[in-house]
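>>> Kindly generate the corresponding structure for this input.
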Amino acid sequence: DDVIIHDHRSFINFFSIMMKLAAFATLMGSAAAFAPAQTGKASTALNAFESELGAQPPLGFFDPLGLLDDADQDRFDRLRYVELKHGRIS
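Numbering: from 1, shown residues only. Model prediction:
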């Protein structure tokens, strides 16, 4: 009878520790959501277009799809023309 009571107390103690660990892991995971994002420097191709119309602080020239990563001025001008033609300039 003492063995059953002792095992029951051990189980409750183990369960209590596991619940505390689960709560701690959840808390740490949610705290990571509020950590500042790591930002990298813009590539040299994007720096070439920093003076173009539409480049605004704090982002500067915004190219989320990377369409102009290896582009020259002619490619930029073509894409800008197509944006204006279809009315999608931001």
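>>> Every contact and neighbour count from this point should use C-alpha atoms.
OK.
>>> can you map out the helices along the protein?
Ranges of helices in the chain, per DSSP state H, are 2-32, 44-47, 73-86.
>>> Now mean neighbour count too, for those helices, in CSV please.
Formatted as CSV, the helices of the chain follow (neighbours: other C-alpha atoms under 10 Å):
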stretch, mean neighbour count
helix 2-32, 11
helix 44-47, 14
helix 73-86, 12
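>>> Tell me which of the ones you listed sits nearest to Gly60.
helix 44-47 (8.8 Å; C-alpha to C-alpha).
>>> Mean confidence (pLDDT) on the closest one, please.
The average pLDDT within helix 44-47 is 53.
>>> quick one on the thing from earlier: out of the helices of the chain, which is closest to Asp63?
Using C-alpha to C-alpha, those put helix 44-47 closest to Asp63, at 7.9 Å.
>>> And stretch 58-70, end to end?
23 Å (C-alpha to C-alpha, to the nearest Å).
>>> thinking again about what came up before, so for Pro64, which of the helices of the chain sits nearest?
Nearest of the helices of the chain (C-alpha to C-alpha): helix 44-47, 10.9 Å.
>>> what about Phe49, neighbour count?
18 (other C-alpha atoms under 10 Å).
>>> one step back: take the helices of the chain and write them to CSV, including distance to Pro57.
Output for those, formatted as CSV (distance: least, C-alpha to C-alpha, whole Å):
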stretch, distance to Pro57
helix 2-32, 27
helix 44-47, 13
helix 73-86, 19
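>>> Compare those and say which comes out lowest on pLDDT.
helix 44-47 (a mean of 53).
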